[in-house]
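J.: got a sequence here, can you build the structure:
(one chain, ligands or ions: 2)
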Amino acid sequence: MTIQITNHYQALTEIDAIQYALEKNLLEANQDYTCKEIGDGNLNLVFHITPTTGGTGIILKQALPYAKVVGESWPLTLERAYIEASALQWQATFVPTLVPKVFHIDKQLAITVLEDLSNLTILRTGLLNGNTYPKVGKDIGTFLAETLYHTSDYALHPFEKKKQVKRFSNPELCKITEDLVFTDPFFDSETNNFEVELKEQVESIWANDLLKLEVAKLKKQFLTETEALLHGDLHTGSVFVNENRTIVIDPEFAFYGPIGFDIGQVFANLLFAYLHHPEKIDRLQTLQEVWETYYQSFTDLWNKGTEDPYTKVEGYLPFTLTKHWEDALGFAGCEAIRRTIGLAHVADLDSIKNQNQRIHAKLVSLKIGQRLILERKSITSIQELLSLIHQEVSTV
Ligand SMILES: Nc1ncnc2c1ncn2[C@@H]1O[C@H](COP(=O)(O)OP(=O)(O)O)[C@@H](O)[C@H]1O
Ligand SMILES: CSC[C@H]1O[C@H](OP(=O)(O)O)[C@H](O)[C@@H]1O
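T.: Ligands and ions are numbered 1, 2, ... in the order given. The predicted structure is shown next:
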C-alpha cells in the first residue's frame, strides 16, 4: 500500500510511515527499513523506523484526531502536533542538549520527525527497574530554569511575550488538564478510577471544602497566569535518560501558564518513584537536586540582566522564587491525587504487586497530596518537604 502525500490528514500505518519518510528524504533511499508503532502514551502514534541491518533510525510521531486512550469518542485537535514541534524547537535554543532534535514538521498530517532516542530509557521505566541516574536531577532543574526563565516576561520584550502567548494557545490540551488534574478527582466524576480500599479516603477528599477551595485557587492560576511557556506534562514518562544524557520529550501540552506547574509535576512524579521503591532514597535526593538546581540557575539568569527594571529591586527575586516553590507544592499535590484516583494513573503506583503495599502507597500519595495543597505556604524549605514525605510514608 502506498500513500499519496496530500494536504489531507490520514493516520499512517507502519508501511506508510516508511514510505512517507523516504519521500521526504528523511531516510537513505538505498537501504531497507522496518517500522514498528511503539506509542505507549495516551494520545499519539509513534513510529520507530530503523534500517533492517540494525542501528539508529528515526522517530515519526503523528497526532491522532482523538485521544488514543479513550477512542474516537474523545476528539482532539491535530494542532497539538505543531505546538509540540514548535515548543521543542524553541526550547532547543536554550537547552539544545536536553531536548530531541526535530528533523521535519508536517502541519497538515500532524507529523513530527524526531531524533531516535531508543538507546536511552524512559526515566519512569528506569526508576521502576531500580536504576539510578546521578545527573538527572541537575539536568531537569536546568531544563526548568532555562526554558521557564527565557520564555517569561523577565527575559522577553512584552510585545514578544504576548506574541508567544498567542502562538502557544493550546485550549483543548489545557482543558484535559483542567478536567483531569484540577476538577474530576475532587468530585465524584465518571472519569475517576480507584480501588475500593481507597473509597473512604477519596470520599473525605470530595467532602473537604477547605481542600477544594485551595484546589479552586490553583486551578484559577492554571487558567489565568501566563508566566512562562510550560512543558505542560512534565512527568517521568516524558524524560529519556542514560548515565550521561537527559532528554525531555513530548511537550504537546505546552502553553503559557504558572511556572510552578512544571516543577510540581516533576516533584510529584519523583515522589511516585520513591513510593514504588521506598528503600531508594536517591529518588528524593533527585527531587532535592531538581529544586536546588532550578533555584540557582533561575537566580543566575535573573542576575545576568532582565527586561524588567523591577527585577533589580531588593526582595523581588526571593518573592518570585517563593511563589514558584509554593505553587509547585500545590500543583504537586494535585498531580499526586489525580494520578492515584483519576483517569490517568502511573505505573509507579499501579504496578506494585503486593496489594497491601500498593494500597499503602496510594494512601500515602493521597495524604501527601492533600497536605501539599493545604500547607503549601507553610512548607518553606526542601528539608521540610522531605521530612513531610518521610513522616507520611512511615505513619499512614
Ligand atoms: N524520540 C524518541 N525516540 C525513541 N522513542 C521515542 C521517542 N519519542 C517517543 N518515543 C517512545 O514513544 C512513547 C510515547 O511517546 P510520547 O511522546 O510520550 O507520546 P504521547 O504524546 O502519546 O504520550 C515513549 O514512551 C517512548 O517509548
Ligand atoms: C486523556 S490524556 C490523559 C493524560 O495523558 C497525558 O499523558 P501522556 O504523556 O502519558 O500521554 C496527560 O498527562 C494527560 O493528563
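
J.: let me see the domain layout of this structure.
T.: Using the TED database, the domain ranges for the chain come out as 14-115, 121-394.

J.: would you list those in CSV and tack on distance to ligand 1 and mean pLDDT?
T.: Bear in mind the C-beta positions are built from the backbone N, C-alpha and C, glycine included. Formatted as CSV, these follow (distance: least, Cβ to the nearest ligand atom, whole Å; pLDDT from 0 to 100):
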stretch, distance to ligand 1, mean pLDDT
domain 14-115, 2, 96
domain 121-394, 4, 97
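
J.: closest to residue 8 out of those?
T.: Proximity to residue 8 (Cβ to Cβ) singles out domain 14-115 among these, at 7.3 Å.

J.: that closest one near ligand 2 anywhere?
T.: Yes. Domain 14-115 comes into contact with ligand 2 (Cβ under 6 Å from any ligand atom), by way of 41-43, 67, 69.

J.: of all residues in the stretch 201-350 of the chain, which one is closest to ligand 2?
T.: residue 344 (3.8 Å; Cβ to the nearest ligand atom).

J.: where along this structure do the helices fall?
T.: 14-23, 79-94, 123-128, 136-150, 158-167, 171-177, 199-206, 209-224, 259-276, 282-304, 316-341, 347-350, 355-375, 382-395 (DSSP state H).

J.: so for the longest one, what gets flagged as buried?
T.: Just to be clear, that refers to helix 316-341. Using 16 or more other Cβ atoms under 10 Å as the test for burial, helix 316-341 gives 317, 320-321, 323-341.

J.: from the chain's centre, how far out is it? Work that out for me.
T.: From the chain centre to the centre of helix 316-341 is a distance of 14 Å (Cα atoms, centre = their mean, to the nearest Å).

J.: angle of that helix against helix 199-206?
T.: For helix 316-341 against helix 199-206, the angle by axes from the mean of the first three to the mean of the last three Cα atoms, to 10 degrees is 140 degrees.

J.: helix 316-341 packs against which elements?
T.: Judged by 3 or more Cβ pairs under 8 Å, 6 or more residues apart in numbering; DSSP states H and E, helix 316-341 is in contact with helix 199-206, helix 209-224, helix 259-276, helix 282-304, helix 355-375.

J.: that one to helix 259-276, inter-axis angle?
T.: Calculated by the same axes, to 10 degrees, helix 316-341 forms an angle of 50 degrees with helix 259-276.

J.: can you tell if helix 316-341 touches ligand 2?
T.: No. On the criterion Cβ under 6 Å from any ligand atom, helix 316-341 is out of touch with ligand 2, staying 7.7 Å away.
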